[in-house]
Every structure is written in structure tokens, then in C-alpha cells.
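Undergrad: The following block contains a protein sequence and its predicted model.
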Amino acid sequence: MKKLLLIVLTAAFATSCQQKNEKIEAVTVKDSVADAKFQMYEMSEMAALMEQMYAYNTQLKERIITNQDLGSYPVAFDKLHTAVLTEASDRDPFFNDQAIKFIEAQKAIYADPVQAKDNFNKMVNQCLECHSKKCGGPIPRIKKLIIQ
């Protein structure tokens, strides 16, 4: 009799837990789907350009470390002067000055391959100088570019 009672109680407990979990999940999913308004993030032209610059400079860092040919300055970086920013008001004299300094620093890497490591780190520091005043989010990521 005790065994039968134990089996019935265990079965009742197991079923009640499953039902509650199903109800909770159903309510949570239903509520979150009903309240969610999905909006796809679209990068600005400048954000996309900076992603390309980061990817390119990650590869350039490896070429410098392994003493490979550096290639030539990527002229697409010149779009820094004209690319549409996420916030148009960010294109101010500070930004324009920093863009000029960045491009000069990037070109210096190719102008003097013997000093490529030092010039690369100067270019990275130029990125950090600008991002410390505007759009600081990518700073930790940019710091990873520095060649030790």
C-alpha cells in the first residue's frame, strides 16, 4: 500500500511540475513575441568603413609581425573624409583633423617599411586619440591592434 501511494504521489508531482513549466514557457514566449518589435540594425557608411579598416589592419598587423610584404596603402581609407556618419553632427573640425592625422599615420606604415611596427602603433594610437573623444565603444577592440 505504501509503495502504491509513493508511486501515485511521485507521478502526480512529476506531472504537475511539467504542466507548470510548460505554462510558464508558453506565457513567456507568447508575451515576449507579442511585445517584440524586430528592427534590423543597419550600419552607417562610416561604421562599415571602420569595420573594414579594422579587419584590414588586423591582417596588416600579422604581416608586420611575420615580416611579410605590406602591400600598398588602401585608397578606400580615403573615404574617411566623405563617408556618411551615424550622427552627421559628429563630422566637426575635430573629426576632420583626426581623419587627416589617421590617414597620414596609415600612409607612414607603407612609406617606411623598416619602421612599420612603430608607425603601425602610431596609427593605432591615432585611432585611440579620436575614439577617446568620439564614440568610445570600440576602444578595447582597437587596443588589441597594438603590436607589443
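TA: Received the coordinates, thanks.
Undergrad: can we go C-alpha only for contacts and neighbour counts from here?
TA: Will do.
Undergrad: Met46 reaches Leu80, doesn't it?
TA: Yes: at 7.1 Å, Met46 counts as touching Leu80 under the criterion of Cα atoms under 8 Å.
Undergrad: Quick check: phi and psi at the nearest residue to Asn119 once chain neighbours are set aside.
TA: Closest residue in space to Asn119, ignoring its immediate chain neighbours: Ile109 at 5.2 Å, by Cα to Cα, 6 or more residues apart in numbering. With angles defined as degrees, to the nearest 10, Ile109 shows backbone torsions of phi -60, psi -40.
Undergrad: Look up how far Ser72 lies from Ile109.
TA: From Ile109 across to Ser72, the span is 9 Å (Cα to Cα, to the nearest Å).
Undergrad: more crowded one of these two?
TA: With neighbours defined as other Cα atoms under 10 Å, Ile109 and Ser72 compare such that Ile109 has more, 24 against 10.
Undergrad: what's near enough to touch that one?
TA: 115-117, 119-120 (Cα atoms under 8 Å, 6 or more residues apart in numbering).
Undergrad: what two of the residues you listed are the furthest from one another?
TA: Gln115 and Phe120 (8.4 Å; Cα to Cα).
Undergrad: what about the helices in this structure?
TA: For the chain, the helices defined by DSSP state H cover 2-35, 45-65, 93-111, 116-131, 139-143.
Undergrad: Show me the shaky parts of the chain.
TA: Residues of the chain meeting the criterion pLDDT under 70: 1-36.
Undergrad: how does it divide into domains?
TA: 1-39, 45-143 (automatic domain parsing).
Undergrad: Deepest in the core, which of those is it.
TA: Highest mean neighbour count of these: domain 45-143, a mean of 15 (counted as mean count of other Cα atoms under 10 Å).
Undergrad: Just give me how far that one sits from the chain centre.
TA: Here domain 45-143 is found 15 Å from its chain centre; the criterion is Cα atoms, centre = their mean, to the nearest Å.
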